[in-house]
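S.K.: here is my input; please provide its structure:
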Amino acid sequence: MNYLIAGLQLSLLGTLLVSGIGKIRAPRDSRVMVEEVLGRTAPGLRRYAPIGAGALIGAELVTAIALLPGLPSRAFGFAAALLLFSVFTGVAVHSARSRTKIVCACFGRAASPLGVRHVVRNALLTAMAAGGLALASTTDAGTGELAGLALAAAFSLIFTVVIAFLDDIASLVTE
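M.R.: All right, here's what the predicted structure looks like:
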């Protein structure tokens, strides 16, 4: 088993799972964020924000499930994650460059406006999904040693916590 692939799968899975569950726990903030994005890209679609927020949550959770190690859907999971994180990066770039910022409800509660920090975070996640997709298509799953899998899982847990609480960590550092 390629432990790098396992680490990428678990890191992306954890990030998407925390994000999807966070949005479920804060449906109003998620709807407002989607409404704002739709209002800027296709104002006529703004009224579909509740459906869009639900679809976003569903896409995140389905992608997280597809990234579960051991399932034959890992290439699909990486491809779906690549698509999601590419869109998220585009939205963050748009917000960072505009005068009126989109408030990030990335992990549930609306925290801070999407800015450069979010662009960097999402670009990293996009690169991880692209790398995982490239590796998944060239490497077989195989089996692995428990120690290697535990190390990949521990890294993924730490990575997910840092990514999910990036805004909180940044505010602690800057204040």
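S.K.: helix or strand with the lowest mean pLDDT in the chain?
M.R.: Lowest on mean pLDDT, DSSP states H and E among the helices and strands of the chain sits helix 166-174, with a mean of 82.
S.K.: all helices for this protein, in order.
M.R.: Ranges of helices in the chain, per DSSP state H, are 3-25, 27-41, 49-66, 74-97, 116-138, 146-164, 166-174.
S.K.: and the angle from the shortest one to helix 146-164?
M.R.: In terms of direction (axes from the mean of the first three to the mean of the last three CA atoms, to 10 degrees), helix 166-174 departs from helix 146-164 by 70 degrees.
S.K.: same question for the longest one.
M.R.: Counting by the same axes, to 10 degrees, helix 74-97 lies at 20 degrees to helix 146-164.
S.K.: can you mark which positions in helix 74-97 are buried?
M.R.: 74, 76-82, 84-86, 88-89, 91-96 (16 or more other CB atoms under 10 Å). Every C-beta, even on glycine, is put in place using the N, C-alpha and C of the backbone.
S.K.: so what does the least confident helix or strand of the chain touch, helix or strand wise?
M.R.: helix 116-138 (3 or more CB pairs under 8 Å, 6 or more residues apart in numbering; DSSP states H and E).
S.K.: now the helix it packs on: mean pLDDT?
M.R.: Average pLDDT, helix 116-138: 92.
S.K.: name all residues that make contact with residue 85.
M.R.: Contact partners of residue 85, counting by CB atoms under 8 Å, 6 or more residues apart in numbering, are 122, 125, 126, 129.
S.K.: so which of those residues is the most crowded?
M.R.: Within those, most neighbours by other CB atoms under 10 Å means residue 129, with 25 neighbours.
S.K.: hang on, that one packs against residue 15?
M.R.: No. The criterion here is CB atoms under 8 Å, and residue 129 misses it with residue 15 at 10.1 Å.
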